[in-house]
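Asks: test case, fold it:
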Amino acid sequence: YTVSFSVDGASVGTAMTDTGGNARLAYGIPLSMAAGDHVILATFAGDPIYQSASDTATLTVEPAPLSGIVLSLGPNPIAAGSGTTATVIGSNGVDLSTACTYSIAYGAGGSWAANVYTSANAGTWTVSASYGGFAATASLTVTHGAVASVQISPASSTITTAGAQTYTVTARDACGNTWT
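Replies: Just a heads-up that it's a prediction; the model follows:
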């Protein structure tokens, strides 16, 4: 007799029953299968002598061992005062983003809330993530934010006729970043 097998609703093959009425199907876990619980369904369609029957079992897939992590930041670049989200994926495909410890290069300012970094100082900064003895880095570019104020310098001057005076205008964003 033929027994059909499926995993999470997708057919994975058939097997014939042996003299003891057992059907065995060798099933290899595909690399694309997510860790967690999966439903195995075995179905006998029935015949003129025996009625149809089916049963389910649970297959628990554990993640593969971790051999490294990869860090990405999005969006990137960002304006000062804006946020970026750090995403960390393990070599085994598991999203570790909320389980990692994060830091950014000294001088970047800003703050972390879980895996979200809110920037402060303009520049290109190295972000680091660590998990279980593994580490990864990514570069984050922070541009100045929208102009919050401008200052002209010098504030006053006196020159003679036909003289020249050079003025410098410095823009400042809400985070204190300046540019001329």
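Asks: mind checking pLDDT for Ala35?
Replies: With respect to pLDDT, Ala35 scores 86.
Asks: just list the residues touching the most centrally placed residue in the chain, thanks.
Replies: Nearest to the geometric centre of the chain sits Thr87, at 2.5 Å (C-alpha atoms, centre = their mean). Taking C-beta atoms under 8 Å, 6 or more residues apart in numbering, we find Thr87 in contact with 71-74, 95, 97, 115. Using the backbone N, CA and C atoms, a C-beta is placed for each residue, glycine as well.
Asks: report the mean confidence score over the helix or strand containing it.
Replies: Element membership for Thr87, per DSSP states H and E: strand 83-90. For strand 83-90, mean pLDDT is 98.
Asks: now do stretch 141-156
Replies: 96.
Asks: now it: how far from the chain's centre is it?
Replies: With C-alpha atoms, centre = their mean, to the nearest Å as the basis, stretch 141-156 stands 34 Å off its chain's centre.
Asks: buried ones in it?
Replies: 142-145 (16 or more other C-beta atoms under 10 Å).
Asks: repeat for stretch 158-175
Replies: 172-173, 175.
Asks: one more: stretch 115-127?
Replies: Going by neighbour count (16+ other C-beta under 10 Å), the buried part of stretch 115-127 is 115, 117-123, 125, 127.
Asks: helices of the protein, start to end?
Replies: Secondary structure of the chain (DSSP state H): no helices located.
Asks: in strands, which of the buried residues of stretch 158-175 fall?
Replies: 172-173 (DSSP state E).
Asks: re earlier: can you name the two of the buried residues of stretch 115-127 that sit furthest apart?
Replies: Farthest apart among the buried residues of stretch 115-127 by C-beta to C-beta are Asn115 and Ala122. That separation is 22.0 Å.
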